[in-house]
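Peer 1: coords please:
(one chain, ligands or ions: 1)
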Amino acid sequence: MPSLDTDPIPSTPGKFKIERTHPMNRQFYRCFSSSSTMFLWALFLIALTVSYLSFQSFVDSGSRYLSASWGGIQWEKQVRNSAQIHRRGGMAVLVTGAGGFVGSHVSLALKRRGDGVVGLDNFNNYYDPSLKKARKSLLNDNGVFIVEGDVNDAKLLAKLFDVVVFTHVMHLAAQAGVRYAMENPQSYVHSNIAGLVTLLEACKSADPQPAIVWASSSSVYGLNEKVPFSELDRTDQPASLYAATKKAGEEITHTYNHIYGLSITGLRFFTVYGPWGRPDMAYFSFTRSILQGKAITIYRGKNQVDLARDFTFIDDIVKGCVGSLDTAGKSTGSGGKKRGPAPYRIFNLGNTSPVTVPTLVNILERHLKVKAKRNIVDMPGNGDVPFTHANISLAQRELGYKPTTDLQTGLKKFVTWYLSYYGYDHEKSVN
Ligand SMILES: O=C(O)[C@H]1O[C@H](OP(=O)(O)OP(=O)(O)OC[C@H]2O[C@@H](n3ccc(=O)[nH]c3=O)[C@H](O)[C@@H]2O)[C@H](O)[C@@H](O)[C@H]1O
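Peer 2: Below is the predicted model of the structure:
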């Protein structure tokens, strides 16, 4: 029999370090040599662990209670007021990502026509949170209350559905950005997969169930080369993790439609731009750099072909979102049980006229009256696709969707907003 003093032999050399037994350790081993002492020690350790764990859970629940930014009578009153419907046949809509670019515009449009709107946003710092807070304050001035919280917070969602009978959910909260997925892949799983499932679980259990309209993405077309992209084209070749999570969202929502009777409409947005936009997007960051006199990097595709996007103006996208809410059929389930088939729809929301990135820069130069310093580089393998181009006939037919703003006009509106928001103090225009 090997004694306690014998060195253990590692099964995989190098996996753990062999410690020479210290004289102090010998005493420690002797302590355990009698079985009754060992039993007492074990009891003591168990008691210690149990009291530590209960203390931890007390601290956790206490701090959650103290730091929770939602709950309470006043909070519920704000939520109810915001959800008030002020037109006949109006809807009560929960807008997730309401502090975001598309979310803030859609919330305002719904509120202005008399629908009830409650926002939800976690105000994360993917880009300058002060821009999100400024959107929040604009919405607040227009009677839209944004709850600060995450779509992964099932308790918060349950509470919201408890306080308000939402007829619709406009789900826009997401981790956006194609190239950032290589830097922070987990954030895409957290928001676009886990967050989506948490939200669908809440919607499935709500009684009555709301109809759901949510943001998919043009990026699901990935390496598809058939143009223009139609909803029937293949979407099984994503070029980025962002695209893959959006594609997964389309499959996940299909499951909830199939099993629980949730009414689902997925919208494939094509590179949305405009006032109050996202600072991480090319048109926005180019504007900032041009004004600051910094060089901009323009990616170029294979064989020196310019990249192109079907840039779509925010007002057109808002019309598509509102049209989707207006035409969404009802969910059929209740109490988590399906009572019959419910609609499952997917639409492209694009502009149908792709423009190359260098042309986008030319337009910005004209509007800003400043020459850009261009640094043209080959497109790195970072998830980008060479071009996008939407076929919108389905959305035209079913939603009455008809984009009316060309890139020239839309960028003019963006630049006007940019200069009024950031002024000419270019140092202020941080990311
Ligand atoms: O339709 C979508 O579903 C997506 O649209 C948007 O993605 P993209 O179409 O990639 O927009 P965006 O980043 O503005 O790059 C535009 C062009 O500029 C090029 N580009 C970009 C940056 C740069 O420094 N240089 C450059 O040439 C770049 O190579 C590209 O050709 C949303 O961000 C995304 O969240 C998602 O909603």
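Peer 1: what residues does the stretch 301-431 of the chain put near the ligand?
Peer 2: For the stretch 301-431 of the chain, the residues in contact with the ligand (C-beta under 6 Å from any ligand atom) are 307, 309, 357, 384. C-beta: built from backbone N, CA, C; applies to glycine.
Peer 1: which among those residues end up buried?
Peer 2: Neighbour-count burial (16 or more other C-beta atoms under 10 Å) applied to these gives 307, 309, 357.
Peer 1: show me those that map onto helices.
Peer 2: residue 357 (DSSP state H).
Peer 1: which single one of the buried ones among the residues of the stretch 301-431 of the chain next to the ligand is nearest to residue 99?
Peer 2: Of all these, residue 309 has the smallest distance to residue 99: 24.7 Å, by C-beta to C-beta.
Peer 1: show the model's pLDDT score for the closest one.
Peer 2: For residue 309, the pLDDT comes out at 98.
Peer 1: please report how far the nearest residue to it once chain neighbours are set aside lies from residue 292.
Peer 2: In this structure, residue 309 finds its nearest non-sequential neighbour in residue 271, 4.4 Å apart by C-beta to C-beta, 6 or more residues apart in numbering. To residue 292, residue 271 is 23 Å away according to C-beta to C-beta, to the nearest Å.
Peer 1: which of these two has more residues huddled nearby?
Peer 2: In this view residue 271 and residue 292 are compared by other C-beta atoms under 10 Å, and residue 271 has more residues nearby, 23 against 11.
Peer 1: any stretches of the stretch 301-431 of the chain with poor pLDDT?
Peer 2: Counting by pLDDT under 70, the ranges of the stretch 301-431 of the chain that qualify are 425-431.
Peer 1: what residue in it comes nearest to the ligand?
Peer 2: The minimum distance from the stretch 301-431 of the chain to the ligand, using C-beta to the nearest ligand atom, falls at residue 307 (3.7 Å).
Peer 1: would you list every one of the helices in the stretch 301-431 of the chain?
Peer 2: Under the criterion DSSP state H, counting those that start in this stretch, the stretch 301-431 of the chain carries helices at the ranges 314-327, 357-368, 393-399, 407-422.
Peer 1: most packed of the ones you listed?
Peer 2: helix 314-327 (a mean of 21; mean count of other C-beta atoms under 10 Å).
Peer 1: now do it and helix 407-422, the angle between them.
Peer 2: With axes from the mean of the first three to the mean of the last three C-alpha atoms, to 10 degrees as the basis, helix 314-327 and helix 407-422 are set at 100 degrees to each other.
Peer 1: give me the contact list for helix 314-327.
Peer 2: The set of residues external to helix 314-327 that reach it, using C-beta atoms under 8 Å, 6 or more residues apart in numbering, is 91, 93, 101-102, 105-106, 109-110, 168, 170, 211, 213, 265, 267, 269, 272-277, 345, 347, 349, 351, 395, 398-405, 410.
Peer 1: and the residue of the stretch 101-250 of the chain found nearest the ligand, its phi and psi?
Peer 2: For the stretch 101-250 of the chain, the residue closest to the ligand is residue 217, as judged by C-beta to the nearest ligand atom, at 3.2 Å. Per-residue torsions, residue 217: phi -160, psi 150 (degrees, to the nearest 10).
Peer 1: ok, for it, nearest residue in space, not its chain neighbours?
Peer 2: Once flanking residues are discounted, residue 217 sits nearest to residue 246: 4.3 Å by C-beta to C-beta, 6+ apart.
Peer 1: residue 221 is in contact with the one you found, correct?
Peer 2: No. Look at residue 246 against residue 221 with C-beta atoms under 8 Å: they stay out of range, at 10.5 Å.
Peer 1: go through the one helix or strand residue 107 maps to and flag the buried ones.
Peer 2: Using DSSP states H and E, residue 107 sits within helix 101-112. For helix 101-112, the buried set under the neighbour-count rule, 16+ other C-beta under 10 Å, comprises 101-111.
Peer 1: what's it in contact with?
Peer 2: By C-beta under 8 Å, 6+ apart, the list of residues contacting helix 101-112 reads 91, 93, 95-98, 117, 119, 121, 135-136, 138-139, 142-144, 170, 172-173, 215, 269, 272, 274, 276-278, 314-315, 317-318, 321-322, 325.
Peer 1: which positions in the stretch 101-250 of the chain make contact with the ligand?
Peer 2: 176-178, 217-219.
Peer 1: can we see that at 8 Å?
Peer 2: 176-179, 215-220, 242-243, 246 (C-beta under 8 Å from any ligand atom).
Peer 1: distance to residue 201, neighbour count and secondary structure for those residues - can I get that in TSV?
Peer 2: Output for these, formatted as TSV (distance: C-beta to C-beta, whole Å; neighbours: other C-beta atoms under 10 Å; DSSP: H, G, I helix; E, B strand; the rest coil):
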residue	distance to residue 201	neighbour count	secondary structure
176	23	26	coil
177	26	19	coil
178	28	20	coil
179	31	14	helix
215	19	27	strand
216	19	24	strand
217	22	27	strand
218	27	25	helix
219	25	26	helix
220	23	27	helix
242	23	25	helix
243	24	25	helix
246	19	28	helix
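Peer 1: which one of the residues you listed is nearest residue 373?
Peer 2: Nearest member of those to residue 373, counting by C-beta to C-beta, is residue 179, at 21.0 Å.
Peer 1: so who does the nearest residue to the closest one once chain neighbours are set aside touch?
Peer 2: Ranked by C-beta to C-beta, 6+ apart and with sequence neighbours excluded, the top spatial neighbour of residue 179 is residue 382, at 4.7 Å. Contacts for residue 382 were tallied using C-beta under 8 Å, 6+ apart; they are 178-179, 182, 240.
Peer 1: tell me which two of these sit farthest apart.
Peer 2: 178 and 182 (9.3 Å).
Peer 1: joint contacts of those two?
Peer 2: Joint contacts of residue 178 and residue 182 (C-beta under 8 Å, 6+ apart) are 240, 382-383.
Peer 1: tell me which of those fall in strands.
Peer 2: The members of the shared contacts of residue 178 and residue 182 all map outside strands under DSSP state E.
Peer 1: sorry, back to before: could you dump the contacts of residue 382 to a markdown table with distance to residue 335 and pLDDT?
Peer 2: Shown next, in a markdown table, are the contacts of residue 382 (distance: C-beta to C-beta, whole Å; pLDDT from 0 to 100):
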| residue | distance to residue 335 | pLDDT |
| --- | --- | --- |
| 178 | 39 | 96 |
| 179 | 43 | 95 |
| 182 | 42 | 96 |
| 240 | 38 | 97 |
